[in-house]
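Visitor: Requesting a structural model of the entry that follows:
(one chain, ligands or ions: 2)
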Amino acid sequence: MEPFKVHILGCGSALPTLQHNASSQIVELREKLFMIDCGEGTQIQLRKSHVHFSKIIAVFISHLHGDHCFGLPGMISTFGMTGRTAPLHIYAPADFEPILSQTLNFFCQGLEFKVVFHAVNTKQNKVIYEDKSLTIETIPLQHRIDCCGYLFREKPTLPHIRRDMIDFYHIPISQINNIKAGADWVTQDGDVIPNSRLTTPAAPARSYAYCSDTRYIKTLYNLVKNVSTLYHESTYAAQDADRARLYWHSTSEQAALVARDASVGKLLLGHYSARYGNEQQLLEEAKEIFPNSFLTQEGAIFDI
Ligand SMILES: [Zn+2]
Ligand SMILES: [Zn+2]
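Guide: Numbers count the residues shown, from 1 in each chain. Ligands and ions are numbered 1, 2, ... in the order given. I've put the predicted structure just below:
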């Protein structure tokens with residue numbers, strides 16, 4: 001199976017700590033890299049992760065709080081120094097465009113690659129990116145300012161050919177693509193060999209949903225139903241649920257409710273408040289509701 005992974009570059013919240021970096025992740029699918037959020041210091045985390053800078057096609061910013069976007073100008077400046085020529089696509093709320101272009105015009109004159117801005121409507125659930133391998137759609141969230149998550153859906157792959165059957169029935173190479181596409185095979189004697197005998201089904205298409213800063217949304221599970229892996233912010237422990245509501249964030253229990261109601265494969269927790277010495281309590285509270293929950297950590301890589 002082709003790799004589909006998420007690299008955690010930062011999973012802390014707004015207040016800097018020695019334990020965690022600000023939000024950023026890399027989604028890797030079939031040799032392509034997409035960044036989600038780019039908090040301050042992301043480029044250092046990128047260096048540590050040994051991810052190839054040049055393979056990053058696009059950056060998706062969830063919202064315009066500094067812990068999700070302060071790292072972008074510095075990273076773009078570094079891309080300029082490392083000889084990038086391929087365009088870099090930025091998907092973010094529209095208000096970011098004038099800020100970013102003014103910053104780049106001032107600090108990054110003479111970049112040898114294009115920075116292409118795509119304004120994202122955070123209030124819509126809509127496909128905003130598509131190529132032959134995947135689609136990426138927005139997930140409207142509820143935060144103090146406009147905010148959305150991003151859902152990466154792998155496109156289904158074709159079934160696998162059974163080599164032994166192809167040889168057995170002497171099927172010519174020229175017919176392989178038709179059979180992959182679902183055709184049966186008719187022998188010289190007129191016997192129909194059903195496609196199901198000639199192929200094995202492709203692995204089910206995988207999906208990854210990144211739900212950035214948000215208040216608990218009871219109906220969110222509808223948009224992330226059955227995803228293979230869900231990342232959902234879990235800034236607070238259950239005892240601080242009032243605080244979560246006040247600041248438009250979630251507890252790890254609330255993240256787990258979304259995972260449970262959506263029947264996802266696994267849940268990744270992150271965006272931890274600096275008030276907890278470690279996140280074990282957050283994990284235990286999530287697991288009470290959704291056992292297949294995991295803490296993210298800088299440097300961790302999860303298979304989707
Ligand atoms: Zn944040
Ligand atoms: Zn925020």
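
Visitor: Quick check: residue 272 touching residue 233?
Guide: No: using CB atoms under 8 Å, residue 272 is not in contact with residue 233, being 9.1 Å away. Heads up, the C-betas are built off the backbone N, CA and C, glycines and all.

Visitor: of those two, who's got more company?
Guide: residue 233 (29 against 25; other CB atoms under 10 Å).

Visitor: So what sits opposite the more buried one in the bridge?
Guide: Assessed by DSSP bridges, residue 233 has beta-bridge partners residue 270.

Visitor: Residue 213 versus that one, what's the distance?
Guide: 6 Å (CB to CB, to the nearest Å).

Visitor: anything in contact with each of these two?
Guide: Counting by CB atoms under 8 Å, 6 or more residues apart in numbering, the common neighbours of residue 233 and residue 213 are 249, 271.

Visitor: For the stretch 151-300 of the chain, which residues are neighbours of ligand 2?
Guide: Residues of the stretch 151-300 of the chain lying close to ligand 2 by CB under 5 Å from the ion are residue 213.

Visitor: What residue, apart from its backbone neighbours, is nearest the residue in the stretch 151-300 of the chain that ligand 2 sits nearest to spatially?
Guide: Nearest to ligand 2 in the stretch 151-300 of the chain, going by CB to the ion, is residue 213, at a distance of 3.6 Å. Of all residues not flanking residue 213 in the chain, residue 143 sits nearest, at 4.6 Å (CB to CB, 6 or more residues apart in numbering).

Visitor: The residue of the stretch 151-300 of the chain closest to ligand 2 and ligand 1: what is the separation?
Guide: 4 Å (CB to the ion, to the nearest Å).

Visitor: Check residue 180 too.
Guide: On the measure of CB to the ion, residue 180 and ligand 1 end up 44 Å apart.

Visitor: That residue: neighbouring residues, count only.
Guide: Residue 180, neighbours per other CB under 10 Å, totals 17.

Visitor: pLDDT wise, what is it at?
Guide: Among the per-residue scores, residue 180 shows a pLDDT of 88.

Visitor: Now for residue 241: which residues touch it?
Guide: Per CB under 8 Å, 6+ apart, neighbours of residue 241: 251, 253, 254.

Visitor: Which other helices and strands does the helix or strand hosting residue 256 contact?
Guide: Using DSSP states H and E, residue 256 maps to helix 252-262. For helix 252-262, the packing partners by 3 or more CB pairs under 8 Å, 6 or more residues apart in numbering; DSSP states H and E come out as strand 229-233, helix 241-246, strand 266-270, helix 280-289, strand 293-295.

Visitor: Could you count how many residues lie near residue 31?
Guide: 10.

Visitor: cool, and residue 107?
Guide: Close neighbours of residue 107, defined as other CB under 10 Å, add up to 13.

Visitor: Could you report the pLDDT at it?
Guide: 95.

Visitor: Is it correct that the residue of the stretch 151-300 of the chain closest to ligand 2 is in contact with residue 64?
Guide: No: between residue 213 and residue 64 there is no contact under CB under 8 Å: 10.9 Å.

Visitor: And the two? Which one has more around it.
Guide: residue 213 (27 against 16).

Visitor: and that one, that's in a strand?
Guide: No: Residue 213: not assigned to a strand; according to DSSP: H, G, I helix; E, B strand; the rest coil it is coil.
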